[in-house]
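Asks: Model the structure of this input:
(2 chains)
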2 protein chains.
Amino acid sequence: MKSEIIAVGSEMLTPFRQDTNSLYLTEKLNEIGVTVAFKTIVGDRLKDLAGAIRTALGRADVVVLMGGLGPTEDDLTREAVAEALSLTLRRDASQVAALHTRAATWRITMPANNLKQADILEGATILPNPNGSAPGQWLDTTFDGYRKLVMLIPGPPHECRPLFDTECVPRLQAVLPPRAIARRTLRAAMIPESQADKLLAPIYTEYKDVETTILAHAGDIQLILLCVKPEIKEARARVDELAGRIEETLDDWLYSSQGETLEQIVLYYLGLRQATLAVAESCTGGMIAQRITSVPGSSRSFLGGAVVYSDELKTAFADVPPRLIAEHGAVSEQVATALAEGIRLRTGATLGLGVTGIAGPGGATDSKPVGLVYMAVSDGQKSEVLSRTFRGDRHRIREWTTQQSLDLIRKRLM
Amino acid sequence: MKSEIIAVGSEMLTPFRQDTNSLYLTEKLNEIGVTVAFKTIVGDRLKDLAGAIRTALGRADVVVLMGGLGPTEDDLTREAVAEALSLTLRRDASQVAALHTRAATWRITMPANNLKQADILEGATILPNPNGSAPGQWLDTTFDGYRKLVMLIPGPPHECRPLFDTECVPRLQAVLPPRAIARRTLRAAMIPESQADKLLAPIYTEYKDVETTILAHAGDIQLILLCVKPEIKEARARVDELAGRIEETLDDWLYSSQGETLEQIVLYYLGLRQATLAVAESCTGGMIAQRITSVPGSSRSFLGGAVVYSDELKTAFADVPPRLIAEHGAVSEQVATALAEGIRLRTGATLGLGVTGIAGPGGATDSKPVGLVYMAVSDGQKSEVLSRTFRGDRHRIREWTTQQSLDLIRKRLM
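Replies: So this is what the prediction gives:
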């Protein structure tokens, strides 16, 4: 079954705003066996909108309209569907009453305009919207002799998404053959995308019934496995079998077999080993600490650390000897190692991480290019240091350094 | 002049990828006077694509097709335009030669399939693409008796955007009346969006010839003013006049009158006062330092600081007396102030910032809810502390706290 998602709103035709609901709706539609064949974004003009709806009805079986259900003059989705399908709109008495009740609760006088939210398409089912004033609408109709399912849902994400889940998905499922979906996300760190694909393509292409999506970002690779079968047991078995082979192939690169983030995994291992972590960051300037502390409960294993942006702070907070900096430079293996061991001792953490590098665009020297980074981890017994030269702009270099640093800690804890 | 942007590629019809080029293209099109009336996303199916192109030709004067110009079987944009407009494709000899040269440079044998990138639409102008192997194409044609401008450009952002700027924009300008555009971005911090709109709407609605866009995110408000006139002087005068009135109205809330970020402004003031800054962050866990250090050259005024996630580190790195923590709790006015003053003394910075709060979801007590945050700034002479209770999830609370903290420093420096 083919669908089209139409996002309605002139603001999404500016350089400033983008439709994001459609990604969510696409996931939900795919899960129940509906492919998205087209997405259209159209402004608040009746003629454009009615035309776009006719186009969609001509090429898709399911048409999802998001937005344009509010009380203003610009909210024209109801009127446009009525025009495209030659239907009438009736003002629903119970919806009018609901709008009055809502206004009374909020102690506001309701502008007359608001009542248009009670306009219901001939033959449509009202879809209750507990998070907003305009209800959704569901229309099981025909266009050019073909059956078409049309749904009108509100645009704000906190109204759109729950309403779609609660009201639209079950109605769609009722007209579709039953399916069971198994899904798993695996994640790997620091493996080059081309190498991952070279290793994995021969494997996942064997599983024609499992859809494999590979997403890569700044040293992080996500593999999303999706399988649809009549029975959930069968779907899960296929996904798990493929996941097992991927795990084996990716070996140490793989850090997560249920979609956890790298920072979650690092915290998980720290908890398991009853270990604590502290970090001394120079070029990442807090990005590593920030990523770790984004996880609720991270305070159990993460003590904190220092952002040692200046040379003086490298000494003040992590006891890096000034002569080490003078001799080897702040961006050096020696200083990274001293930072790791220094912050560990200072904080009493089990593990210390030290990071120093040149994020650019300035700061390069003849022997030290922009992107050169040293990352060290120490547990008092043994310290380990990695050197990398990352490419890209300041933001990208900092992102890659953060990812590589977290992966270094993970490997030490494994 | 009305345009439609068509993004071609099945990956953009999955839950995982979104077209982002169109925001860039929209900005460029708007600048030269072309509105975007529709955006369509369509997969790699010849029939769907040819249909979408016909629909676009029927409702827009300018049709921009992005993607589907590569060498694989799935790359069907050329073929689809040929079908939609009943044009032939010819294999261009100079493009074939260019592909062979490219393959030789990269020392690879060129698969025969690659040659389809040399297929040019009858009557089209070849648009050179220095960043990739497939050239763009420009077609000045007619459809149903109307003149239509159709451009085919590659999908990868680093190919799409420069090619559009260099090859498409000047060609569009040549057929459009000349226009001059003035644009300015103003930014304000921590003013509630509704209050900003209440204050500003009476002003900007007076300027019918200036388009004002208001974007709000986590305590940051951007006002984008755009004016189009035959003469640039006139356009600038209108934008500057409105900007002046907005500056006056927003007063202290306004921190930037040329689009600079809050962290850039904080660093600017620090430089101006020859002052330095150090931070001691608890609940933001490095987010403030990270934002400041995202600015190139921030090391001139930002020394660094400490992520004092545990109580022990509050003492170890910022000399917060343990009895202060025992008496008032780690999340208190007293501890925030002690953090600010402690980190300042420890680092020798002119200004110290201390932040402590409950980011959630855990950690709340009867008297201290999730979202409660204390932020203090100290210069040795005087310390100042703010208390706020932010709403939302962990990420949102941390974002708002970061914004409020940077704004606190800005106000102290003003």
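
Asks: burial count for A:Ala275?
Replies: Other residues lying near A:Ala275 total 16 when counted by other C-beta atoms under 10 Å in any protein chain shown. Yep, even glycine has a C-beta here, placed from its N, CA and C like the rest.

Asks: In this structure it contacts A:Gly348, no?
Replies: No - A:Ala275 is not in contact with A:Gly348 according to C-beta atoms under 8 Å; the separation is 11.7 Å.

Asks: For the helix or strand hosting A:Gln404, buried residues please.
Replies: In this structure, A:Gln404 is located in helix A:394-413 according to DSSP states H and E. Judged by neighbour count using 16 or more other C-beta atoms under 10 Å in any protein chain shown, the buried positions of helix A:394-413 are A:394, A:397-413.

Asks: domain assignment for chain A?
Replies: Under the assignment automatic domain parsing, the domains of chain A span A:2-175, A:180-256, A:262-413.

Asks: To chain B, which of those domains lies closest?
Replies: Of all those, it is domain A:262-413 that lies closest to chain B, at 2.7 Å by C-beta to the nearest C-beta.

Asks: Is any residue of that closest one near chain B?
Replies: Yes - judged by C-beta under 8 Å from any C-beta of the partner chain, domain A:262-413 and chain B are in contact via A:278-279, A:281-282, A:284-290, A:292-294, A:296-299, A:302-310, A:312-313, A:316-317, A:346-348, A:360-362, A:394-395, A:398.

Asks: One more: stretch A:83-98?
Replies: No - Stretch A:83-98 does not reach chain B (C-beta under 8 Å from any C-beta); its nearest approach is 13.9 Å.

Asks: wait, A:Arg300 sits on A:Gly271?
Replies: Yes - assessed by C-beta under 8 Å, A:Arg300 is found in contact with A:Gly271 at 6.5 Å.

Asks: which ones are touching the residue lying closest to A:Ala37 once chain neighbours are set aside?
Replies: Leaving aside its chain neighbours, A:Ala37 sits nearest to A:Lys2 (4.4 Å; criterion: C-beta to C-beta, 6 or more residues apart in numbering or on different chains). Contacts were defined as C-beta atoms under 8 Å, 6 or more residues apart in numbering or on different chains; by that measure A:Lys2 touches A:34-35, A:37, A:59-62.

Asks: Next: A:Met12.
Replies: When contacts are counted by C-beta under 8 Å, 6+ apart, A:Met12 touches A:18-19, A:41, A:43, B:39.

Asks: Grab the two from these that are most spread out in space.
Replies: The most widely separated members of the contacts of A:Met12, counting by C-beta to C-beta, are A:Gln18 and A:Gly43 (14.2 Å).

Asks: neighbour count winner among the two?
Replies: Set side by side, A:Gln18 and A:Gly43 show unequal neighbour counts under other C-beta under 10 Å, the larger going to A:Gly43 at 22 against 17.

Asks: Surely that one touches A:Leu13?
Replies: Yes - applying C-beta under 8 Å as the test, A:Gly43 and A:Leu13 come out as touching, 5.2 Å apart.

Asks: Need the overlap of contacts for the two.
Replies: Between them, A:Gly43 and A:Leu13 share these contacting residues under C-beta under 8 Å, 6+ apart: B:Ala37.

Asks: which ones are touching the nearest residue to A:Ala124 once chain neighbours are set aside?
Replies: Counting by C-beta to C-beta, 6+ apart, the nearest residue to A:Ala124 once its immediate chain neighbours are dropped is A:Gln137, at 4.3 Å. Taking C-beta under 8 Å, 6+ apart as the contact definition, A:Gln137 lies against A:78, A:120-121, A:124-127, A:151-152.

Asks: same thing with A:Thr401?
Replies: Shown in contact with A:Thr401 (C-beta under 8 Å, 6+ apart): A:283-284, A:287, A:355, A:357, A:359, A:373, A:375, A:388, A:390.

Asks: what's the most distant pair in those residues?
Replies: Using C-beta to C-beta for every pair in the contacts of A:Thr401, the one that comes out farthest apart is A:Met287 and A:Arg388, at 15.4 Å.

Asks: the more surrounded of those two?
Replies: When A:Met287 and A:Arg388 are compared on other C-beta under 10 Å, the one with more neighbours turns out to be A:Met287, at 27 against 17.

Asks: I'd like to know the phi and psi angles of the more buried one, please.
Replies: Summarising the backbone geometry of A:Met287 under the convention degrees, to the nearest 10, its torsions are phi -70, psi -40.

Asks: where's it relative to A:Thr402, distance?
Replies: 5 Å (C-beta to C-beta, to the nearest Å).

Asks: same deal with A:Gly271?
Replies: Taking C-beta to C-beta as the measure, A:Gly271 falls 21 Å from A:Thr402.
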